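A.B. asks: A predicted structure for the sequence below; I have some questions about it.
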Amino acid sequence: MTVEDKKKLLDEIQLHPEKFGLLYDEYYDIIFSYIFRRLGDYELARDIAADTFLKAYLKIHFFEWRGISIMYWLFRIATNEMNLFFRKNKYQPHFLQFAINKNSADLLNFSTVVQEKEMLENELKQHKDFLAVQVQLKRLSIAYQEVIALRYFEQKSIKEIALILSKKEGTIKSLLSRGIEKLKNLL
(Lines give C-alpha, C1' and ligand atoms only; values in the text may rest on other atoms or scores of the structure.)
Protein backbone atom coordinates (compact mmCIF):
# COMPACT_ATOMS: atom_id res chain seq x y z
CA MET A 1 0.00 0.00 0.00
CA THR A 2 1.52 3.33 -1.05
CA VAL A 3 1.62 6.45 1.13
CA GLU A 4 -1.13 7.97 -1.00
CA ASP A 5 -3.25 4.83 -0.59
CA LYS A 6 -2.77 4.96 3.20
CA LYS A 7 -3.79 8.63 3.29
CA LYS A 8 -6.83 7.89 1.14
CA LEU A 9 -7.80 4.96 3.38
CA LEU A 10 -7.49 7.14 6.48
CA ASP A 11 -9.66 9.84 4.89
CA GLU A 12 -12.30 7.21 3.99
CA ILE A 13 -12.28 5.76 7.52
CA GLN A 14 -12.69 9.18 9.10
CA LEU A 15 -15.69 9.84 6.87
CA HIS A 16 -17.09 6.30 7.07
CA PRO A 17 -16.04 4.59 10.34
CA GLU A 18 -17.52 1.29 9.13
CA LYS A 19 -14.47 1.01 6.83
CA PHE A 20 -12.15 0.70 9.87
CA GLY A 21 -12.05 -3.04 9.15
CA LEU A 22 -9.77 -2.31 6.19
CA LEU A 23 -7.23 -0.74 8.54
CA TYR A 24 -7.66 -3.64 10.95
CA ASP A 25 -7.05 -6.16 8.15
CA GLU A 26 -3.94 -4.28 7.02
CA TYR A 27 -2.23 -4.00 10.41
CA TYR A 28 -3.63 -6.60 12.84
CA ASP A 29 -1.01 -9.27 12.17
CA ILE A 30 1.86 -6.80 12.57
CA ILE A 31 0.53 -5.36 15.82
CA PHE A 32 -0.49 -8.73 17.26
CA SER A 33 2.95 -10.20 16.47
CA TYR A 34 4.67 -7.30 18.20
CA ILE A 35 2.54 -7.73 21.33
CA PHE A 36 2.85 -11.53 21.32
CA ARG A 37 6.65 -11.43 21.03
CA ARG A 38 6.84 -8.92 23.87
CA LEU A 39 4.55 -10.83 26.23
CA GLY A 40 4.90 -14.46 25.14
CA ASP A 41 1.29 -15.08 26.17
CA TYR A 42 -1.16 -15.76 23.37
CA GLU A 43 -4.40 -14.96 25.21
CA LEU A 44 -3.03 -11.79 26.77
CA ALA A 45 -1.63 -10.69 23.39
CA ARG A 46 -5.06 -11.18 21.78
CA ASP A 47 -6.71 -9.11 24.51
CA ILE A 48 -4.21 -6.28 24.25
CA ALA A 49 -4.35 -6.32 20.43
CA ALA A 50 -8.14 -6.13 20.60
CA ASP A 51 -7.98 -3.21 23.00
CA THR A 52 -5.39 -1.52 20.79
CA PHE A 53 -7.70 -1.61 17.78
CA LEU A 54 -10.75 -0.69 19.82
CA LYS A 55 -8.97 2.42 21.12
CA ALA A 56 -7.75 3.23 17.61
CA TYR A 57 -11.32 2.91 16.30
CA LEU A 58 -12.67 5.18 19.02
CA LYS A 59 -9.93 7.80 18.49
CA ILE A 60 -9.49 7.61 14.70
CA HIS A 61 -11.05 11.05 14.26
CA PHE A 62 -8.23 12.57 16.33
CA PHE A 63 -5.46 11.11 14.14
CA GLU A 64 -3.90 13.80 11.96
CA TRP A 65 -2.09 12.79 8.79
CA ARG A 66 1.44 14.20 8.79
CA GLY A 67 2.98 12.00 6.13
CA ILE A 68 3.70 9.28 8.68
CA SER A 69 2.01 5.90 8.46
CA ILE A 70 -0.82 5.19 10.85
CA MET A 71 1.06 1.98 11.67
CA TYR A 72 3.32 3.96 14.04
CA TRP A 73 0.28 5.32 15.83
CA LEU A 74 -1.00 1.75 16.25
CA PHE A 75 2.39 0.64 17.60
CA ARG A 76 2.27 3.53 20.09
CA ILE A 77 -1.21 2.51 21.26
CA ALA A 78 -0.09 -1.13 21.60
CA THR A 79 3.01 -0.08 23.53
CA ASN A 80 0.90 2.06 25.85
CA GLU A 81 -1.51 -0.83 26.40
CA MET A 82 1.35 -3.17 27.33
CA ASN A 83 2.79 -0.53 29.67
CA LEU A 84 -0.64 -0.21 31.28
CA PHE A 85 -0.66 -3.99 31.76
CA PHE A 86 2.80 -3.93 33.34
CA ARG A 87 1.89 -1.02 35.62
CA LYS A 88 -1.29 -2.62 36.86
CA ASN A 89 0.22 -6.12 36.78
CA LYS A 90 -3.19 -7.37 35.90
CA TYR A 91 -5.24 -6.98 32.79
CA GLN A 92 -8.96 -6.82 32.26
CA PRO A 93 -9.89 -7.88 28.72
CA HIS A 94 -12.14 -4.95 27.81
CA PHE A 95 -12.77 -6.27 24.31
CA LEU A 96 -14.26 -9.49 25.65
CA GLN A 97 -16.63 -7.55 27.90
CA PHE A 98 -17.48 -5.29 24.94
CA ALA A 99 -18.26 -8.34 22.77
CA ILE A 100 -20.43 -9.89 25.48
CA ASN A 101 -22.31 -6.62 26.03
CA LYS A 102 -22.91 -6.22 22.30
CA ASN A 103 -23.87 -9.90 21.97
CA SER A 104 -21.25 -10.26 19.25
CA ALA A 105 -19.50 -13.44 20.35
CA ASP A 106 -20.40 -14.80 16.92
CA LEU A 107 -17.63 -12.57 15.52
CA LEU A 108 -15.08 -15.08 16.75
CA ASN A 109 -14.26 -18.10 14.64
CA PHE A 110 -13.12 -20.54 17.31
CA SER A 111 -11.63 -23.14 14.95
CA THR A 112 -9.42 -20.48 13.39
CA VAL A 113 -8.48 -19.11 16.81
CA VAL A 114 -7.47 -22.57 18.07
CA GLN A 115 -5.43 -23.26 14.92
CA GLU A 116 -3.71 -19.88 15.14
CA LYS A 117 -2.93 -20.40 18.82
CA GLU A 118 -1.50 -23.89 18.24
CA MET A 119 0.64 -22.69 15.32
CA LEU A 120 2.10 -19.78 17.30
CA GLU A 121 2.71 -21.86 20.41
CA ASN A 122 4.49 -24.56 18.35
CA GLU A 123 6.62 -21.92 16.70
CA LEU A 124 7.62 -20.55 20.10
CA LYS A 125 8.49 -24.00 21.43
CA GLN A 126 10.81 -24.53 18.47
CA HIS A 127 12.78 -21.44 19.38
CA LYS A 128 14.23 -22.17 22.80
CA ASP A 129 16.84 -19.45 22.40
CA PHE A 130 14.11 -16.92 21.80
CA LEU A 131 12.34 -18.05 24.96
CA ALA A 132 15.54 -17.77 27.00
CA VAL A 133 16.10 -14.24 25.71
CA GLN A 134 12.47 -13.34 26.31
CA VAL A 135 12.62 -14.49 29.94
CA GLN A 136 15.70 -12.37 30.56
CA LEU A 137 14.26 -9.47 28.57
CA LYS A 138 11.30 -9.35 30.96
CA ARG A 139 13.76 -8.76 33.80
CA LEU A 140 14.86 -5.48 32.21
CA SER A 141 13.03 -2.22 32.74
CA ILE A 142 10.12 -1.44 30.41
CA ALA A 143 12.13 1.25 28.58
CA TYR A 144 14.75 -1.33 27.54
CA GLN A 145 12.12 -3.95 26.68
CA GLU A 146 10.34 -1.54 24.33
CA VAL A 147 13.37 -0.50 22.30
CA ILE A 148 14.86 -3.99 22.08
CA ALA A 149 11.54 -5.54 21.02
CA LEU A 150 10.88 -2.88 18.40
CA ARG A 151 14.44 -2.99 17.02
CA TYR A 152 15.10 -6.73 16.96
CA PHE A 153 11.68 -8.41 16.97
CA GLU A 154 9.88 -5.91 14.75
CA GLN A 155 12.91 -4.82 12.67
CA LYS A 156 12.14 -1.13 13.13
CA SER A 157 14.77 1.52 12.45
CA ILE A 158 15.99 3.92 15.12
CA LYS A 159 13.93 6.67 13.47
CA GLU A 160 10.78 4.52 13.45
CA ILE A 161 11.26 3.58 17.11
CA ALA A 162 11.69 7.26 17.97
CA LEU A 163 8.37 7.98 16.22
CA ILE A 164 6.57 5.14 17.98
CA LEU A 165 7.86 6.01 21.44
CA SER A 166 7.92 9.80 20.97
CA LYS A 167 11.58 10.00 21.99
CA LYS A 168 14.70 11.46 20.41
CA GLU A 169 16.82 9.18 18.22
CA GLY A 170 19.82 9.70 20.51
CA THR A 171 17.77 8.51 23.47
CA ILE A 172 16.72 5.40 21.53
CA LYS A 173 20.34 4.60 20.62
CA SER A 174 21.38 5.01 24.24
CA LEU A 175 18.54 2.83 25.52
CA LEU A 176 19.36 0.16 22.95
CA SER A 177 23.05 0.15 23.81
CA ARG A 178 22.48 -0.04 27.56
CA GLY A 179 19.64 -2.54 27.19
CA ILE A 180 21.67 -4.91 25.03
CA GLU A 181 24.57 -4.73 27.49
CA LYS A 182 22.26 -5.51 30.41
CA LEU A 183 20.66 -8.36 28.45
CA LYS A 184 24.07 -9.84 27.61
CA ASN A 185 24.99 -9.79 31.29
CA LEU A 186 21.77 -11.60 32.19
CA LEU A 187 22.34 -14.26 29.55
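C.D. replies: That came through fine.

A.B. asks: And the helices in this protein?
C.D. replies: Taking DSSP state H, the helices of the chain run over residues 3-15, 20-39, 42-59, 70-88, 94-101, 110-126, 128-137, 142-148, 158-165, 169-186.

A.B. asks: Where in the chain is the helix or strand with the lowest mean pLDDT?
C.D. replies: Here the helix or strand of the chain ranked lowest by mean pLDDT, DSSP states H and E is helix 94-101, holding a mean of 51.

A.B. asks: Redo the helices of the chain as JSON lines? Include mean neighbour count.
C.D. replies: In short, each C-beta sits where N, CA and C put it, glycine included. Formatted as JSON lines, these follow (neighbours: other CB atoms under 10 Å):
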{"stretch": "helix 3-15", "mean neighbour count": "14"}
{"stretch": "helix 20-39", "mean neighbour count": "18"}
{"stretch": "helix 42-59", "mean neighbour count": "19"}
{"stretch": "helix 70-88", "mean neighbour count": "18"}
{"stretch": "helix 94-101", "mean neighbour count": "13"}
{"stretch": "helix 110-126", "mean neighbour count": "11"}
{"stretch": "helix 128-137", "mean neighbour count": "14"}
{"stretch": "helix 142-148", "mean neighbour count": "20"}
{"stretch": "helix 158-165", "mean neighbour count": "19"}
{"stretch": "helix 169-186", "mean neighbour count": "15"}
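
A.B. asks: mean pLDDT lowest for which of the ones you listed?
C.D. replies: Ranked by mean pLDDT, those bottom out at helix 94-101, with a mean of 51.

A.B. asks: Gly67 versus Leu186, what's the distance?
C.D. replies: Distance, Leu186 to Gly67, using CB to CB, to the nearest Å: 39 Å.
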